[in-house]
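A.B. asks: Here's a sequence, model it:
(4 chains)
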2 protein chains.
Amino acid sequence: MSKRAYGQFCGLAHALELVGERWALLIVRDLLVGPKRFTDLRRGLPRIPTNVLATRLKELEHAAVVRRRVLPRPAGSVVYELTEHGAGLEPAVFALGRWGIQTLGEPGPGDLLTVDSLIIALRAMFDPEPARGLRVSYQLRMGEVVVHALIDDGALEVGRGELATADLGIETSAAMPRLLTGELDPATAVAEGVVRLTGPTDLLARFLELFHIPPTPKDTGATADLSR
Amino acid sequence: MSKRAYGQFCGLAHALELVGERWALLIVRDLLVGPKRFTDLRRGLPRIPTNVLATRLKELEHAAVVRRRVLPRPAGSVVYELTEHGAGLEPAVFALGRWGIQTLGEPGPGDLLTVDSLIIALRAMFDPEPARGLRVSYQLRMGEVVVHALIDDGALEVGRGELATADLGIETSAAMPRLLTGELDPATAVAEGVVRLTGPTDLLARFLELFHIPPTPKDTGATADLSR
DNA sequence: CTGGATCCCTCACGATACTG
DNA sequence: CAGTATCGTGAGGGATCCAG
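C.D. replies: A predicted model of the protein is given here:
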């Protein structure tokens, strides 16, 4: 048994031994979007030391979560991708992401938003029920980051970059989490200018039906900030 | 921003900053069963150093996941319990647990099974759909650990200890994960004696309809053991 | 330029002892 | 019972260096 094992015959404990190390689930998050090279992962996780990234990738490969694959010639480069088993982490990553976004608050000065994290966030918050029989597309811009979402009869496809033909363009900043929890009313958000729209305004309400999270629970008296 | 922050404006990253430290989610797991005293938590997590447990509880309290409460006289003792926000981690804990149990394998020599982890495992794998209109009760014994489950029209209640009136008593060992993934056939499990029943045999198949996890994916060539 | 490996420093974790 | 104090170890953080 490993030195740092939890020593419990328990699915959660075993999962944490495989993907509970620091940075591991963020690597899985980025790989859920698609295969990536070492440098791509570095770009999406700028604060990870390269030795830690290399170590995590080896551990995840050993745990059959990640597969290291050498692309055929002439590319010849190395990509990391999730195994089928690793892709099975998607529900857990989505659930943790939905929980975390409830108390995300405003971005700190050094916090950055990546395209992949936004793609995963949209997929995590998509509710297929109200999307049945619906066909609509959105372009979402948050700072430099632009993604688009195609909804087609209960199915969602999220891609990076612009989509000129989108039914509605949404441009916003850090207000998005408060919008998604229902903490911020869409009408007042537009009125105050924290959300700017390009297209029919009523499609924003539709957007919030399709993408949502449980509302932030009432404060229980404990301090929830991150200062230590 | 904290020194060890991930520096990402992302729900998953924020969640990992709150409950991603070592032992944190195992503490949450035990508190999902009910409020506990410091010593109760120690008993359920025998390998956690007491200072780490104390540190985690303070961090979780600060993150509004856990609430420290002094019981009214004459008890006067201290209990830790999940806040509403902390209880919102249940779907994430269940999803991670379901993923981890797929590759749990056999228990190591030092691995132990606790009552609370078994209770959470059953709740995590319960499927309410086949339970509609159904009323049945089970007693489950794995080594020293005994719990019981009451299913009543889509609702599940799991409690610790024996239930003499249970419709079926199931006594097994480490074979349970393989049974739940479908990797091990219930008939052969009974025939080989790794599962012993007390009651109508066909209720075991019913049990596996009510409690199940996605089957373990086919091996992809990577080694999945834990030796380092 | 990609894909890492190596070094050093710090701090979190782990084990144990001890206290109100 | 409910933690705190102390100390050793090893993992993470950051910078740099190197091979293909």
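A.B. asks: Stretch A:150-160 close to chain B?
C.D. replies: No - contact check for stretch A:150-160 against chain B, using C-beta under 8 Å from any C-beta of the partner chain: none in range, with a minimum separation of 14.8 Å. Every C-beta, even on glycine, is put in place using the N, C-alpha and C of the backbone.
A.B. asks: ends of that stretch, how far apart?
C.D. replies: Separation of the first and last residues of stretch A:150-160 by C-alpha to C-alpha, to the nearest Å is 11 Å.
A.B. asks: Only the buried residues of that stretch, if you could.
C.D. replies: Residues of stretch A:150-160 classed as buried: A:150-151, A:156, A:158 (neighbour count, 16 or more other C-beta atoms under 10 Å in any protein chain shown).
A.B. asks: Show me which of those is closest to residue B:7.
C.D. replies: Sorting the buried residues of stretch A:150-160 by how near they are to residue B:7, with C-beta to C-beta, puts residue A:158 at the top with 23.1 Å.
A.B. asks: Which helix or strand lies directly C-terminal to whichever strand or helix holds the closest one?
C.D. replies: Secondary structure assigned from DSSP states H and E places residue A:158 in strand A:155-160. If you walk from strand A:155-160 toward the C-terminus, the next helix or strand you reach (DSSP H and E) is strand A:168-172.
A.B. asks: ok, now which ones touch the closest residue to residue A:104 other than its chain neighbours?
C.D. replies: Setting aside the residues directly before and after it, residue A:104 is nearest to residue A:177 in space (C-beta to C-beta, 6 or more residues apart in numbering or on different chains), at 4.7 Å. The neighbours of residue A:177, taking C-beta atoms under 8 Å, 6 or more residues apart in numbering or on different chains as the test, are A:101-102, A:104-105, B:11.
A.B. asks: got it, and residue A:135?
C.D. replies: For residue A:135, counting by C-beta under 8 Å, 6+ apart, the contacting residues are A:151-153.
A.B. asks: Let me see the domain layout of chain A.
C.D. replies: In the domain annotation for chain A, the residue ranges read A:11-88, A:107-210 (automatic domain parsing).
A.B. asks: How much space separates residue A:105 from DNA strand D?
C.D. replies: Plainly put, residue A:105 is 21 Å away from DNA strand D if you go by C-beta to the nearest atom of the strand, to the nearest Å.
A.B. asks: do you know how far that residue is from residue B:9?
C.D. replies: Counting by C-beta to C-beta, to the nearest Å, the separation of residue A:105 from residue B:9 is 10 Å.
A.B. asks: DNA strand C contacts on chain A?
C.D. replies: Within reach of DNA strand C by C-beta under 7 Å from any atom of the strand, chain A has these residues: A:4, A:37-40, A:49-51, A:54, A:68, A:77-79.
A.B. asks: just to revisit the earlier point, what strand or helix carries the residue nearest to residue A:104?
C.D. replies: helix A:176-180.
A.B. asks: What is the distance between that helix and the centre of its chain?
C.D. replies: With C-alpha atoms, centre = their mean, to the nearest Å as the basis, the distance from the averaged C-alpha position of helix A:176-180 to the chain average is 14 Å.
A.B. asks: avg pLDDT for that helix?
C.D. replies: Averaging the model's pLDDT scores along helix A:176-180 yields 93.
A.B. asks: what does stretch A:150-167 give?
C.D. replies: With pLDDT averaged residue by residue, stretch A:150-167 scores 97.
A.B. asks: How about residues contacting that stretch?
C.D. replies: Contact with stretch A:150-167 is made by A:115, A:119, A:122-123, A:126, A:128-129, A:131-139, A:146-149, A:199-200, A:203, A:210, as judged by C-beta under 8 Å, 6+ apart.
A.B. asks: and the domains of chain A, which is most packed in?
C.D. replies: Of all the domains of chain A, domain A:11-88 carries the top mean neighbour count, a mean of 18, counting by mean count of other C-beta atoms under 10 Å in any protein chain shown.
A.B. asks: hmm, back to that, keep only the residues of chain A next to DNA strand C that also lie close to chain B.
C.D. replies: residue A:4.
A.B. asks: How about the helix or strand where residue A:16 lies and chain B, touching?
C.D. replies: Assessed by DSSP H and E, residue A:16 sits inside helix A:11-19. Yes - part of helix A:11-19 sits close enough to chain B to count as contact by C-beta under 8 Å from any C-beta, namely A:11-18.
A.B. asks: For that helix, which helices and strands make contact with it?
C.D. replies: Packing partners of helix A:11-19 (3 or more C-beta pairs under 8 Å, 6 or more residues apart in numbering or on different chains; DSSP states H and E): helix B:24-33, helix B:90-101, helix B:115-125.
A.B. asks: How about residue A:61: what's its closest non-neighbour residue?
C.D. replies: residue A:68 (5.5 Å).
A.B. asks: Reformat the residues of helix A:11-19 next to chain B as JSON lines; add distance to DNA strand D.
C.D. replies: Below are those laid out as JSON lines (distance: C-beta to the nearest atom of the strand, whole Å):
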{"residue": "A:11", "distance to DNA strand D": "21"}
{"residue": "A:12", "distance to DNA strand D": "18"}
{"residue": "A:13", "distance to DNA strand D": "17"}
{"residue": "A:14", "distance to DNA strand D": "17"}
{"residue": "A:15", "distance to DNA strand D": "16"}
{"residue": "A:16", "distance to DNA strand D": "12"}
{"residue": "A:17", "distance to DNA strand D": "12"}
{"residue": "A:18", "distance to DNA strand D": "13"}
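A.B. asks: May I see the residues you listed arranged in a markdown table, with distance to residue A:96 and pLDDT as well?
C.D. replies: As requested, the residues of helix A:11-19 next to chain B are exported to a markdown table (distance: C-beta to C-beta, whole Å; pLDDT from 0 to 100):
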| residue | distance to residue A:96 | pLDDT |
| --- | --- | --- |
| A:11 | 16 | 97 |
| A:12 | 12 | 98 |
| A:13 | 16 | 97 |
| A:14 | 17 | 97 |
| A:15 | 11 | 98 |
| A:16 | 12 | 97 |
| A:17 | 17 | 97 |
| A:18 | 15 | 97 |
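A.B. asks: Kindly reformat those as a markdown table and extend each row with distance to residue A:25.
C.D. replies: As requested, these are exported to a markdown table (distance: C-beta to C-beta, whole Å):
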| residue | distance to residue A:25 |
| --- | --- |
| A:11 | 16 |
| A:12 | 14 |
| A:13 | 16 |
| A:14 | 15 |
| A:15 | 10 |
| A:16 | 10 |
| A:17 | 13 |
| A:18 | 10 |
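A.B. asks: which one among those gets closest to residue B:93?
C.D. replies: Distance from residue B:93 was checked for each of the residues of helix A:11-19 next to chain B by C-beta to C-beta. The minimum falls on residue A:12, at 6.2 Å.
A.B. asks: So the closest one sits against residue B:92, correct?
C.D. replies: No - using C-beta atoms under 8 Å, residue A:12 makes no contact with residue B:92, being 10.0 Å away.
A.B. asks: about what we covered before: now the residue nearest to residue A:104: how far from residue A:194?
C.D. replies: When C-beta to C-beta is applied, the distance between residue A:177 and residue A:194 equals 12 Å.
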